[in-house]
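A.B. asks: Next come a sequence and a model predicted from it.
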Amino acid sequence: MKLDRKSMLLYAITDRTWLKGTTLASQVEDTIKGGATFIQLREKNMDFDEFVTEAKVIKEITDKYNIPFVINDNIDVALAVNSDGVHVGQDDMNAKDVRKLIGKDKIIGVSVQTVEQAILAEQNGADYLGVGSVFPTSTKTDANYVSIKQLKEISKSISIPIVAIGGINENNIEKLRESGIDGICVISAIFSKPDILEATKRLRKLSEGIVDYEI
Ligand SMILES: Cc1ncc(COP(=O)(O)OP(=O)(O)O)c(N)n1
Ligand SMILES: Cc1ncsc1CCOP(=O)(O)O
């Protein structure tokens with residue numbers, strides 16, 4: 001799948017912390033109905049078989065709505081379910097090696113916190129970058145902080161699409177205006193909400209207002 005910059009507008013990463021009796025699949029379908037444009041499946045405590053089973057279910061939904069679907073960290077799972085790609089961090093395999101495993105047509109996302117990391121990731125063949133944490137977050141306890149100034153410097157230093165991540169919500173999204181991002185990436189601002197569809201709709205509208213390209 002070729003990555004369209006516009007599909008970065010509202011990037012949702014799953015989290016099963018707030019399932020509250022429902023399924024992750026139905027939450028993912030709700031967020032897509034509400035306007036999420038990209039889905040990443042992020043599972044930190046699943047064995048391979050469980051992860052593959054879950055990924056297949058989510059992929060059916062993202063395929064139905066033609067939304068890009070990537071797997072966090074686990075390249076074997078990505079290969080097993082033929083996801084659209086993978087997202088890796090600074091402690092994971094570098095994009096060049098990931099590319100050798102998943103092939104030229106797949107999407108590779110890389111998390112970066114500095115200009116140097118961003119330039120290197122682009123050189124290594126990343127298709128997009130996730131930059132953060134731009135605000136305090138309790139979702140990822142080991143996240144490093146990236147200032148808005150650093151975010152702007154990173155966006156100026158590369159030509160691939162970027163999303164900001166970390167603690168973004170309806171109240172602070174405005175601070176990301178003119179930062180050069182192609183969209184926002186959120187976990188709790190969607191998945192912790194009682195009404196995921198409505199929360200996504202509001203974030204979708206707000207993100208449309210802060211990016212500098214035509215929707
Ligand atoms: C789009 C996006 N950006 C950043 C991250 C964080 O990735 P990483 O640093 O590898 O941390 P974990 O998600 O693995 O805890 C991301 N997942 N997605
Ligand atoms: C995965 C990740 N990487 C940097 S911050 C973060 C957590 C984002 O979650 P939230 O949107 O709930 O702050």
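C.D. replies: Yep, that arrived. Numbers count the residues shown, from 1 in each chain. Ligands and ions are numbered 1, 2, ... in the order given.

A.B. asks: and residue 25, how many residues sit next to it?
C.D. replies: 14 (other Cβ atoms under 10 Å). Every C-beta, even on glycine, is put in place using the N, C-alpha and C of the backbone.

A.B. asks: quick one: the residue lying closest to it once chain neighbours are set aside from residue 194, how far?
C.D. replies: What sits nearest to residue 25 in space, not counting adjacent residues and going by Cβ to Cβ, 6 or more residues apart in numbering, is residue 57, at 5.0 Å. Noted for residue 57: a distance of 23 Å to residue 194, by Cβ to Cβ, to the nearest Å.

A.B. asks: repeat for residue 201
C.D. replies: 14 Å.

A.B. asks: Between those two, which has more neighbouring residues?
C.D. replies: For residue 201 and residue 194, the more surrounded residue by other Cβ under 10 Å is residue 201, and the numbers stand at 17 against 8.

A.B. asks: Which secondary structure state is assigned to that one?
C.D. replies: Following DSSP: H, G, I helix; E, B strand; the rest coil, we place residue 201 in the helix state.

A.B. asks: which residues does it contact?
C.D. replies: Going by Cβ atoms under 8 Å, 6 or more residues apart in numbering, residue 201 touches 34-35.

A.B. asks: Write out the residues of the chain neighbouring ligand 1.
C.D. replies: Contact residues (Cβ under 6 Å from any ligand atom) of the chain with ligand 1: 11, 13, 40, 42, 72-73, 87, 89, 92, 109, 111, 130, 140, 163, 165, 185.

A.B. asks: Quick check: closest non-adjacent residue to residue 208.
C.D. replies: That would be residue 215: by Cβ to Cβ, 6+ apart, it lies 5.1 Å from residue 208.

A.B. asks: For that neighbour, grab the count of nearby residues.
C.D. replies: Count around residue 215 with other Cβ under 10 Å applied: 9.

A.B. asks: can you check residue 64 too?
C.D. replies: 10.

A.B. asks: next helix or strand past the longest helix along the chain?
C.D. replies: Counting by DSSP state H, the longest helix found in the chain is helix 48-65. For helix 48-65, the following helix or strand on the C-terminal side (DSSP states H and E) is strand 69-72.

A.B. asks: near ligand 2, which residues of the protein show up?
C.D. replies: So the chain meets ligand 2 at 132-133, 137, 139-140, 143, 165-168, 186-189 (Cβ under 6 Å from any ligand atom).

A.B. asks: Cross the residues you listed against helices and list the overlap.
C.D. replies: Short answer: the residues of the chain next to ligand 2 in helices (DSSP H) are 188-189.

A.B. asks: Just among the residues of the chain next to ligand 2, which is most surrounded?
C.D. replies: residue 186 leads these on contacts (other Cβ under 10 Å) with 31 neighbours.

A.B. asks: out of everything not next to it in sequence, what's closest to that residue?
C.D. replies: Nearest one to residue 186, counting by Cβ to Cβ, 6+ apart, is residue 168 at 5.2 Å.

A.B. asks: Residue 187 is in contact with that neighbour, correct?
C.D. replies: No - here residue 168 lies out of contact with residue 187, judged by Cβ atoms under 8 Å, at a distance of 9.3 Å.
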